[in-house]
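Colleague: below are the sequence and a predicted model for it; my questions follow.
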Amino acid sequence: MPYDYESDAAIIKDHLNCIHIGSEILFLPEIDSTNNLAKKHSKNNAQEGLVIIAESQTGGRGRMGRSWHSPPETGIYLSILLKPNLKPDHLSFITLLAGVSAISTINEISHQPANLKWPNDILINDKKVCGLLCEMTQEKGSSFSVVIGIGINVNQLPEQFPKDLKKTATSLRIVNGSPINRLTVIRSLLTTLDREYRFFLAEGGHSVIKKWKLNTDLFGKKVSVKRGSVIITGTAMNLDELGRLVLRRDNGHAEVIDSGEVTLG
Ligand code: BTN
């Protein structure tokens, strides 16, 4: 029987109690990347709150130019378009807000606690269960738009991950020992993101950073941060008021990192 994505789309839209998110929801059986399509819609002046969900992606993208393995029937691949009218250096709050929302949904379902790894990986038992790719777009004469791309490993079995991910990736099914309804996860995610976005618009970035810090076990750990060809090592200490990672270098000096790839140890 062919996969009935139209009825899944209707289930997601039904009773979705959101104010900003879900102004339009597109559910596609296959696309190159939901982020790419969301950016195209943004260029065509799509409304804030557009959600694009794909059953599979042929060119799913991760951070740092990596790809995101996106086969059908197992994972969640979705993108959300927001137009928060912020200064560019405050857009990092949206990335952290997406992480706070995704971890809240994951913790509702997972039998084991999840942790955020800066800037935005979500790990369970030190293995990645969710990745976020936030991208900015700006059209001539208009303010910034942000596309939040979220990939969640939901129903993969260990043998379904490609060889290079087997040691580092996990899924909610592996953690819980039973399959999970992806539509329930999507609805929870959109509802939580809508709620957190409303808090953020009302209260600002301070509360986002506070919630982010409550959901990480990174602080006090030795880390290496890769930025291009440079690797900086130190102890992760905190996030600053803009959500940047504060490291204590081995010489005792503090260093603030605004982007990069964190590895433990
Ligand atoms: C990462 O951890 O490197 C980020 C992964 C982000 C993957 C999601 S899946 C939906 C959206 N579309 C993409 O092409 N990428 C993001």
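Modeller: Alright, I've got the coordinates.

Colleague: going forward, measure contacts and count neighbours with C-alpha atoms only.
Modeller: Will do.

Colleague: where exactly do the helices run in the stretch 151-265 of the chain?
Modeller: If you assign secondary structure with DSSP state H, counting those that start in this stretch, the helices in the stretch 151-265 of the chain sit at 172-176, 182-203, 205-214.

Colleague: any idea of the mean pLDDT in the first one?
Modeller: The one in question is helix 172-176. The predicted model gives helix 172-176 an average pLDDT of 98.

Colleague: swap in stretch 251-265?
Modeller: Mean predicted lDDT for stretch 251-265 stands at 92.

Colleague: for it, output the C-alpha coordinates as PDB.
Modeller: Taking Å, rounded to 0.1, in the frame of the first residue of the first chain, the C-alpha atoms of stretch 251-265 are listed here in PDB:
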ATOM      1  CA  ASN A 251      46.200  28.800  30.800                       C
ATOM      2  CA  GLY A 252      43.200  29.900  32.900                       C
ATOM      3  CA  HIS A 253      41.900  32.600  30.400                       C
ATOM      4  CA  ALA A 254      38.300  32.700  29.400                       C
ATOM      5  CA  GLU A 255      37.400  32.500  25.700                       C
ATOM      6  CA  VAL A 256      34.000  33.100  24.100                       C
ATOM      7  CA  ILE A 257      33.200  30.900  21.100                       C
ATOM      8  CA  ASP A 258      30.400  31.900  18.700                       C
ATOM      9  CA  SER A 259      30.500  28.900  16.400                       C
ATOM     10  CA  GLY A 260      32.200  25.600  15.900                       C
ATOM     11  CA  GLU A 261      31.900  21.900  16.500                       C
ATOM     12  CA  VAL A 262      32.300  20.700  20.000                       C
ATOM     13  CA  THR A 263      33.800  17.300  20.900                       C
ATOM     14  CA  LEU A 264      34.000  16.000  24.400                       C
ATOM     15  CA  GLY A 265      37.400  15.200  25.900                       C
END
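
Colleague: which residues are contacting it?
Modeller: Identification of contacts with stretch 251-265 by CA atoms under 8 Å, 6 or more residues apart in numbering yields 117-119, 221-228, 240, 244-249.

Colleague: so it, near the ligand or not?
Modeller: No. Judged by CA under 6 Å from any ligand atom, stretch 251-265 and the ligand are separated, with a smallest distance of 9.6 Å.

Colleague: quick check: residues of this structure near the ligand?
Modeller: Counting by CA under 6 Å from any ligand atom, the residues of the chain lying close to the ligand are 33-35, 60-63, 68, 77-79, 121, 131-133, 149-151.

Colleague: surely residue 145 meets residue 84?
Modeller: Yes. Counting by CA atoms under 8 Å, residue 145 touches residue 84, with 7.0 Å between them.

Colleague: those two: who's more crowded?
Modeller: residue 145 (23 against 17; other CA atoms under 10 Å).

Colleague: so what's the more buried one closest to, chain neighbours aside?
Modeller: residue 83 (4.5 Å; CA to CA, 6 or more residues apart in numbering).

Colleague: I figured that neighbour hits residue 48, correct?
Modeller: Yes. At 5.6 Å, residue 83 counts as touching residue 48 under the criterion of CA under 8 Å.

Colleague: residues contacting the worst-scoring helix or strand of the chain on mean pLDDT, please?
Modeller: Across the helices and strands of the chain, mean confidence by mean pLDDT, DSSP states H and E is lowest for helix 5-13: a mean of 83. Applying CA under 8 Å, 6+ apart, the external contacts of helix 5-13 come out as 22, 25-29, 55, 183, 186-187.

Colleague: so how far is it off the chain centroid?
Modeller: The chain centroid and the centroid of helix 5-13 are separated by 22 Å, computed with CA atoms, centre = their mean, to the nearest Å.

Colleague: following it, which helix or strand shows up next?
Modeller: Elements were assigned by DSSP states H and E; along the chain past helix 5-13, the next helix or strand is strand 25-28.

Colleague: follow-up on the earlier one: in strands, which of the contacts of stretch 251-265 fall?
Modeller: Residues of the contacts of stretch 251-265 located in strands (DSSP state E): 117, 222-227, 245-248.

Colleague: buried subset of those?
Modeller: 117, 222-225, 245-248 (16 or more other CA atoms under 10 Å).
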